[in-house]
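Student: here is a sequence together with a model predicted from it:
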Amino acid sequence: MSKKKIIAIVAAVVVVATALFIVYDLNGKSFDLSDRETRIVVTNSMDGSVHPDAYYHCKDCDAYWLPNNLKSIGTHMDCPHTGCASANTEILEHSFSIGKIAKDALIMTHKLSASAKNSISVGDVISFEYSNRETIHRVIDLERDSGGNIVKITTSGDNTTGTEITTDMNKVHGVVVGESELLGNIVHFVKSSALMVVLMIIIVIVTITVIRDMYRMSLNDKKSNN
């Protein structure tokens, strides 16, 4: 095998492996791309200096929740659920898969079916319609009916103290499975820079050229062997 062919193969493998890793990481450590959607975050409401590493649990009604202000995690809270208000609560350590999300970050969202929406948990970051706009905030509380179906979701941004209440589950669209500030900045830069567009075109051309050369070298090898 010629040196040129080896270099071409290595370059192609590196390009493909890098692309696969980026997709895998952005997609929540998964290659399943069904019902996935990407978008750019346009505000800093999730770019908090504090993001949750624990949540509250009520031992009496078995509810889980986060405080509106994440900085208050660690202080005692009575159960906020209507009809309970128990003081028999505890703080449980928990590592949430999605931490803070910077403005202009690229996120991957898993669109949920009606039944799958019942799998949403406190601490998940979800996409939902609020005040006629798509919003990306963290679930800090939820309530279920006697059948286990979610009937009320309370959300808040990590960088805000306000909350949103959603009772119409049709307005809940999906759950965020991955985010990348770097990819978001690249996309943002591409949109605002003609030079970057040219560079991306060059990268695509180089990749196509490498693949084409590999194919030609493979054909030449076959001919020489014959």
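Tutor: Sure, I can see it.

Student: show me the strands in the protein, by range?
Tutor: Remark: strands assigned in the chain by DSSP state E are 36-40, 54-58, 64-65, 89-93, 106-111, 125-130, 133-144, 150-156, 164-166, 172-180.

Student: quick check, distance from the third one to the centre of its chain.
Tutor: So the one you mean is strand 64-65. In terms of Cα atoms, centre = their mean, to the nearest Å, the centre of strand 64-65 is found 21 Å from the chain centre.

Student: mean confidence for it?
Tutor: Strand 64-65 shows a mean pLDDT of 92 in the predicted model.

Student: helices and strands around that strand, which ones?
Tutor: strand 54-58 (3 or more Cβ pairs under 8 Å, 6 or more residues apart in numbering; DSSP states H and E). For glycine as for every other residue, the C-beta is placed from the backbone atoms N, C-alpha and C.

Student: who touches the strand it packs on?
Tutor: 63-67, 73-74, 77, 79, 81, 84, 86, 88-94, 122-123 (Cβ atoms under 8 Å, 6 or more residues apart in numbering).

Student: separate out the buried members of these.
Tutor: Applying 16 or more other Cβ atoms under 10 Å to the contacts of strand 54-58, the neighbour count classes 63-67, 73, 77, 79, 89, 122-123 as buried.

Student: possible to save the residues you listed as a markdown table with distance to Gly184?
Tutor: Converted to a markdown table, the buried ones among the contacts of strand 54-58 look like this (distance: Cβ to Cβ, whole Å):
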| residue | distance to Gly184 |
| --- | --- |
| Ala63 | 34 |
| Tyr64 | 30 |
| Trp65 | 30 |
| Leu66 | 25 |
| Pro67 | 28 |
| Ile73 | 27 |
| Met77 | 34 |
| Cys79 | 38 |
| Thr89 | 37 |
| Val122 | 26 |
| Gly123 | 22 |
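
Student: which residues touch the residue nearest the centre of the chain?
Tutor: Central residue of the chain (Cα atoms, centre = their mean): Gly178, 2.6 Å from the mean position. If a contact means Cβ under 8 Å, 6+ apart, then Gly178 has 25-29, 98, 107-108 as its contacts.

Student: max pairwise distance over those: which two?
Tutor: Greatest spacing in those, by Cβ to Cβ: Lys29 and Ile107 (14.7 Å).

Student: more neighbours, the two?
Tutor: Neighbour comparison, Lys29 and Ile107: the larger count goes to Ile107, with 24 against 10 (by other Cβ atoms under 10 Å).

Student: tell me what that one is bridged to.
Tutor: Arg39, Glu179 (DSSP bridges).

Student: give me the low-pLDDT residue ranges for this structure?
Tutor: By pLDDT under 70, the low-scoring segments of the chain are 1-2, 4-5, 50-51, 190-197, 221-226.

Student: how far away is the residue nearest to the centre of the chain from Ser45?
Tutor: 18 Å (Cβ to Cβ, to the nearest Å).

Student: try Ile186
Tutor: Distance from Ile186 to Ser45, by Cβ to Cβ: 22 Å.

Student: which of these two has more residues huddled nearby?
Tutor: The neighbour count for Ile186 versus Ser45, taken as other Cβ under 10 Å, is higher for Ser45 (19 against 15).

Student: is it correct that that one is in contact with Thr160?
Tutor: Yes. Under the criterion of Cβ atoms under 8 Å, Ser45 makes contact with Thr160 at 5.3 Å.
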